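Chemist: sequence and predicted structure are below.
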Amino acid sequence: PDQRFQKPQMDIERANRHNERLDRANTEGDQLKQGGDQPKQGGDQPKQGEDQPKQGEDQPKQEGGEKPKEGIGQVAGKTGQFSPGGTWCGSGGQKSSGLEIVSAKFPFDVIVNNDNWKAQSEDIQAVLLSVADVFIRHFPENQFPAVKVYQENNGPPHIIFEPTEEGELQIWLSTSGTSWSQYAYQFGHELCHVPVNMGGTTGKNAWFSEVLCETASMYVLKTISKSWKEFAPVDGFPARFHEDYFQKLIGDKTRQLPAGKSLGQWYLENAEELRSKPVNDTRNLGNVVSNQIFKLLIESPDQWPAVRYVNRGAKMEDKSFEIFISEWHVNAPDEHKTFVKKIADLFEINLMSEQEIMDVLKKDLKDKADQVKEQLDQKKPKEKEENEDPASDKKNRQFARALELLDQQQQAAAQEQSQAQEQ
């Protein structure tokens, strides 16, 4: 049955226009159509002179909306299983703690919780569906799970893979009002965690997952700045507002590579911080990488499915970034290997073959086993010393002395008895 955009609370004319656009998109493929209606003239202009939007800080206000509390958050809760060739929900749904993740209805299923959004829930839903439309179209072989969106008032946005009782994944957004670009920016980031992190994260390389999801934020903003010219799911918000928001992000001075420095050189200088600190403390660094990867994906959006394979290597906490990227290249299908190699080239990484990766991992495991054995060998004599009781040692010496004295007394008594017999 046709389950497209037919929520009862939605305006019928708007829903029909949305369905017509989906029909055209399905017919013409995944390429975003250019042109369309020009932005409305005479509408409210975005505020000038605002600070650049930064992760972990307040986002810039938009017309009719309020500032959210913080920037994009990270994955929270337990991760579900990931099937790269089919549905993220598994056959019959992925069960976690007795709850089951359910598949979304076509084209996508998002439920907006009845929180204090200071905006109509149906408008929020329409905006989020327009964001999902331009992103999940790049994953035609995967059925996204249904999601339920909540308002986060005490922290950054985040996704929780533990499903609700109804089976939806939980996405929390720290925005309100009609700051639609901000909704898109945050929702695009958290939605990207589904293909990137449903298989889990990889230790000290977790920062790279955040980089990809930040790239998704910029990608959906840039894309809806064009698609909303043809069809805006809400009234009174020109598509150019999304473009303005996007330009503030990508043009932020903190996101630029230093002059004359390659990404590979920059990474060598910042690798320790990226790999050792929590992802929320390294967002400004990660954004530098996002700007570079964005250039690749905006030119080749058909390469988005490659992110499904980024966290599918060996589960090792301190795996090197070189091995991490090489595993991604090995696991990616042939149609995405060139794209992954382009990312490796950005970091000036020489990709390893599968056999080379296995050899390095085996050597690493052997070295760690040898270190553990050495530590255990060093610990044994120490434990013996610690187990020796000084009081018990003193008693043992006193007992030995007593036995010696007793033996001397017995010898003296025997000698006296012998002398008495001779007399």
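Modeler: Structure received.

Chemist: state the number of residues packed around A306.
Modeler: 25 (other C-beta atoms under 10 Å). Any C-beta I mention is one placed from the backbone N, CA and C, and that applies to glycine too.

Chemist: now the strands for the stretch 151-300 of the chain?
Modeler: Assigned by DSSP state E, counting those that start in this stretch, the strands in the stretch 151-300 of the chain fall at 158-160, 169-173, 176-177.

Chemist: want to try TSV for those, with distance to S326 as columns?
Modeler: Shown next, in TSV, are these (distance: least, C-beta to C-beta, whole Å):
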stretch	distance to S326
strand 158-160	27
strand 169-173	30
strand 176-177	43
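
Chemist: tell me which of those is the most buried.
Modeler: Most buried of these by mean neighbour count (mean count of other C-beta atoms under 10 Å) is strand 169-173; its value is a mean of 24.

Chemist: for it, which strands pair with it and how are they oriented?
Modeler: strand 147-151 (parallel), strand 158-160 (antiparallel) (DSSP bridges).

Chemist: how many neighbours does Q143 have?
Modeler: 18.

Chemist: what about the closest residue to L296 other than its chain neighbours, helix or strand, and which?
Modeler: Of all residues not flanking L296 in the chain, K342 sits nearest, at 5.8 Å (C-beta to C-beta, 6 or more residues apart in numbering). Using DSSP states H and E, K342 sits in helix 334-346.

Chemist: pLDDT weak spots in the stretch 101-250 of the chain?
Modeler: Along the stretch 101-250 of the chain, the parts satisfying pLDDT under 70 run over 101-107, 199, 201-202.

Chemist: could you pull out the helices for it?
Modeler: 121-136, 180-197, 206-230, 240-250 (DSSP state H, counting those that start in this stretch).

Chemist: out of those, which comes closest to S276?
Modeler: Closest approach to S276 among the helices of the stretch 101-250 of the chain (C-beta to C-beta): helix 206-230, 9.8 Å.

Chemist: show me what the closest one is packed up against.
Modeler: In this structure, helix 206-230 makes packing contacts with helix 121-136, helix 180-197, helix 240-250, helix 283-299, judged by 3 or more C-beta pairs under 8 Å, 6 or more residues apart in numbering; DSSP states H and E.

Chemist: and if we set it to 10 Å?
Modeler: With contacts taken as 3 or more C-beta pairs under 10 Å, 6 or more residues apart in numbering; DSSP states H and E, helix 206-230 sits against helix 12-28, strand 75-76, helix 121-136, helix 180-197, helix 240-250, helix 263-276, helix 283-299, helix 321-331.

Chemist: now L346: how far from H336?
Modeler: To H336, L346 is 16 Å away according to C-beta to C-beta, to the nearest Å.

Chemist: neighbour count: those two, which is higher?
Modeler: More crowded of L346 and H336, by other C-beta under 10 Å: H336, with 21 against 18.

Chemist: for the more buried one, give me its contacts.
Modeler: 300, 302-309, 328-329 (C-beta atoms under 10 Å, 6 or more residues apart in numbering).

Chemist: hmm, try it at 8 Å
Modeler: For H336, the contacting residues are 303, 305-306, 309, by C-beta atoms under 8 Å, 6 or more residues apart in numbering.

Chemist: ok, V220 touching V134?
Modeler: Yes. Here V220 reaches V134: they are 5.8 Å apart, a contact under C-beta atoms under 8 Å.

Chemist: residues near H329, how many?
Modeler: 23.

Chemist: correct me, but it touches K337?
Modeler: Yes. Counting by C-beta under 8 Å, H329 does reach K337; the two are 5.9 Å apart.

Chemist: coming back round to it: please say which of V220 and V134 ends up with more neighbours.
Modeler: In terms of neighbours (other C-beta under 10 Å), V220 is the more surrounded of V220 and V134; the figures are 27 against 23.

Chemist: where are the low-confidence patches of the stretch 301-423 of the chain?
Modeler: 380-410, 412-423.

Chemist: same thing but 90
Modeler: The stretch 301-423 of the chain contains residues with pLDDT under 90 at 312-318, 360-423.

Chemist: between H329 and K337, what contacts are shared?
Modeler: What both H329 and K337 touch, as defined by C-beta under 8 Å, 6+ apart, is an empty set.

Chemist: that older thread, got the angle for the helix or strand following the helix holding K342 vs helix 321-331?
Modeler: Later in the chain than helix 334-346, the nearest helix or strand by DSSP H and E is helix 354-387. Angle, helix 354-387 to helix 321-331, by axes from the mean of the first three to the mean of the last three C-alpha atoms, to 10 degrees: 140 degrees.

Chemist: buried ones in helix 354-387?
Modeler: 357, 360-361, 364 (16 or more other C-beta atoms under 10 Å).

Chemist: re the thing from before, just the contacts of H336 now: which is nearest K204?
Modeler: Y309 (18.9 Å).

Chemist: go ahead and confirm that closest one touches W328.
Modeler: Yes. Contact status for Y309 versus W328: in contact at 6.0 Å, counting by C-beta under 8 Å.

Chemist: who has more neighbours out of these two?
Modeler: For Y309 versus W328, neighbours defined as other C-beta under 10 Å are more numerous around W328 (26 against 22).

Chemist: mind checking how far K148 is from I298?
Modeler: K148 is 30 Å from I298, by C-beta to C-beta.

Chemist: between those two, who's got more neighbours?
Modeler: Each of K148 and I298 had its neighbours counted (other C-beta under 10 Å), and the higher figure belongs to K148 (19 against 13).

Chemist: which residues does the more buried one contact?
Modeler: 110-113, 164, 166, 168-171.

Chemist: switch to 10 Å and redo it
Modeler: 109-113, 160, 163-164, 166-172.

Chemist: on that earlier part again, just tell me which of the helices of the stretch 101-250 of the chain ends up closest to Q375.
Modeler: When the helices of the stretch 101-250 of the chain are compared (using C-beta to C-beta), the closest one is helix 206-230, at 27.3 Å.

Chemist: could you pull out the buried residues of the closest one?
Modeler: Buried, per 16+ other C-beta under 10 Å, within helix 206-230: 206-230.

Chemist: likewise stretch 187-199?
Modeler: 187-199.

Chemist: one step back: distance to F139 for the strands paired with strand 169-173 - can I get that in JSON lines?
Modeler: Output for the strands paired with strand 169-173, formatted as JSON lines (distance: least, C-beta to C-beta, whole Å):
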{"stretch": "strand 147-151", "distance to F139": "14"}
{"stretch": "strand 158-160", "distance to F139": "16"}
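
Chemist: and those strands: which comes nearest Q256?
Modeler: Going by C-beta to C-beta, the one of the strands paired with strand 169-173 nearest Q256 is strand 158-160, 27.2 Å.
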